[in-house]
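Enquirer: Sequence first, then the predicted structure:
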Amino acid sequence: MNAEAAERLAMENALRRAVEHQEFYLHYQPQFDLKLGGMIGAEVLLRWHSQEWGTVPPSRFVPILEDLGLISNVGEWLLRQACDSYLSLRDQLSPDFVIAVNLSGRQFKGGMLATNLRHLLSETGMPARNLELEITETMLMEDTELATLTLRELSQMGINLAIDDFGTGYSSLSYLKQFPLNVLKIDSSFIRDVTHDQEDAAIVDAILAMSASLNLTVVAEGVETAEQLAYLQQRHCHRAQGYYLGRPVDKVGFTELVKQQIRA
Ligand code: C2E
Ligand code: CA
Ligand code: CA
C-alpha cells in the first residue's frame with residue numbers, strides 16, 4: 001500500500017515536470033476505408049516517455065493527468081499538434097481524411113471547449129470537417145446538459161463527433177438521438193472474437209444495422225486478423241483500424257505511410 005502510494009506520488013511529480021518540459025509526443029494510427037481501401041483517417045494517441053519509467057501507457061498516466069487537473073493543458077497542446085500535423089500533410093491526403101483526437105471528460109468541464117476549438121481552428125486554418133473528436137458514453141452521461149450544448153456547438157462548427165468504445169459504457173440508446181453524432185467506434189472487445197463468437201458477431205451486426213438507419217459511420221477498432229477484416233468488409237462496416245492494418249506510429253512513420261499510400 002505504502003509502496004503504491006509512493007509510486008503514485010512520484011509519478012504525479014514526474015507528470016508535473018513532464019507538462020512543464022513538454023515530454024509528451026504523439027502517435028498516429030491509420031484508419032482505412034473498407035470500401036475503397038485507402039487510408040481515410042488517423043487516430044492521435046498520446047505518448048509519454050519518462051526518464052524513470054520508460055514509455056508509460058496512456059491508460060496509466062492519462063487518469064493521473066485528469067486527477068491533477070492537467071489534462072486540459074496537455075489536451076490543448078495535443079489538439080494544436082494534431083491540426084499542425086494534418087495541415088503539413090494535407091496536400092497528400094484525401095479531401096475526406098479525418099484526424100481523430102481523444103477527449104477527456106475533464107475537457108468538457110468549464111464549458112469553454114467549443115470556444116477554445118473555434119479559436120484553434122481559425123488560428124491554424126484547420127478545416128472543421130477534417131477534425132473528429134472521440135468521446136465516451138460515460139462522458140455524455142456525466143453532465144448531459146453541458147454535453148448537449150457543447151456537442152451542438154461543435155457540430156454546428158462542422159466538427160465530426162465520434163463515440164469511442166461504443167457498447168461498453170452507459171448504454172442508453174436514447175442519447176444517439178439526443179446528441180449530434182457522426183461516428184460510432186465499435187469497441188475492440190467485440191471485434192476480438194467476431195469471427196468465432198456468435199454473440200459478438202450478433203452485436204457487431206446489430207450496431208451496423210442500427211448505424212445504417214441512423215446514418216452514422218461505423219469504425220471497427222482493434223482489427224488484428226485478415227479474417228476479422230474480411231468479416232467487417234462483408235458486413236459493410238465503413239472504416240477500420242488495428243494492428244493488422246497499421247500500428248500507431250510517430251510523425252516520421254506516419255509521413256512515410258502517407259507517401260506509401262500515394263505511391264500505391
Ligand atoms: P482508445 O481511444 O480506445 O485507443 C485505442 C487503443 O488501442 C490504443 O492504445 C491503441 O494503441 C490500441 N490498439 C490499436 N489497435 C489495436 C489492435 O489491433 N489490438 C490491440 N490490442 N490494441 C490496439 P493506447 O495508445 O495505449 O491508448 C489507450 C487509451 O488511452 C485510449 O483508448 C484512450 O482511452 C487513452 N488515450 C490515448 N491517447 C489519449 C489522448 O490523447 N487523450 C485522452 N484523453 N485519452 C487518450
Ligand atoms: Ca479512441
Ligand atoms: Ca476505443
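Expert: Yep, it's here. Here the structure is a predicted model, which is why all the values come from computation and not from measurement. Numbering: from 1, shown residues only. Ligands and ions are numbered 1, 2, ... in the order given.

Enquirer: quick one, phi psi at the most centrally placed residue in the chain?
Expert: Among the residues of the chain, the one closest to the centroid is Asn102, at 4.0 Å (CA atoms, centre = their mean). The phi/psi pair for Asn102 (degrees, to the nearest 10) reads phi -80, psi 130.

Enquirer: how close does it get to Ala201?
Expert: Using CB to CB, to the nearest Å, one gets 27 Å for the distance from Asn102 to Ala201. In this view, the C-beta of every residue, glycine as well, is placed from N, C-alpha and C.

Enquirer: Check Tyr86 too.
Expert: 35 Å.

Enquirer: Can you spell out which residues form a bridge with the residue nearest to the centre of the chain?
Expert: Note on Asn102: beta-bridge partners by DSSP bridges are Glu134.

Enquirer: so how far is ligand 3 from it?
Expert: 8 Å (CB to the ion, to the nearest Å).

Enquirer: Have a look at Tyr86 and Ala201 and say which one is more surrounded.
Expert: Ranked by neighbour count (other CB atoms under 10 Å), Tyr86 and Ala201 place Tyr86 first, with 21 against 16.

Enquirer: quick one: that one is in a strand?
Expert: No: assessed with DSSP: H, G, I helix; E, B strand; the rest coil, Tyr86 is helix; it does not lie in a strand.

Enquirer: any idea which helix or strand comes after the helix or strand of the chain with the lowest mean pLDDT?
Expert: One helix or strand of the chain scores below all others by mean pLDDT, DSSP states H and E: helix 175-178, with a mean of 85. Heading C-terminal from helix 175-178, the first helix or strand you meet, by DSSP states H and E, is strand 183-186.

Enquirer: What residues does the stretch 51-200 of the chain have near ligand 3?
Expert: 164-165 (CB under 5 Å from the ion).

Enquirer: which intervals of the stretch 51-200 of the chain have sub-threshold pLDDT?
Expert: Flagging of the stretch 51-200 of the chain using pLDDT under 70 yields the residue ranges 171.

Enquirer: Go ahead and confirm Glu142 touches Arg106.
Expert: No: here Glu142 does not reach Arg106: they are 10.2 Å apart, not a contact under CB atoms under 8 Å.

Enquirer: Which one's more surrounded, these two?
Expert: Taking other CB under 10 Å, Glu142 and Arg106 do not tie; Arg106 has more neighbours (17 against 13).

Enquirer: wait, what's in contact with that one?
Expert: When contacts are counted by CB atoms under 8 Å, 6 or more residues apart in numbering, Arg106 touches 66, 69, 71-72, 75.

Enquirer: Next: His49.
Expert: 23, 25, 55-56.

Enquirer: ok, of the residues you listed, which come out buried?
Expert: Val56 (16 or more other CB atoms under 10 Å).

Enquirer: ok, so of the contacts of His49, who is nearest Ile191?
Expert: Thr55 (24.8 Å; CB to CB).

Enquirer: Quick check: phi and psi at that closest one.
Expert: phi -80, psi 120.

Enquirer: Leaving aside the residues adjacent along the chain, what's closest to it?
Expert: The shortest distance from Thr55 to any non-neighbouring residue, by CB to CB, 6 or more residues apart in numbering, is to His49 (5.3 Å).
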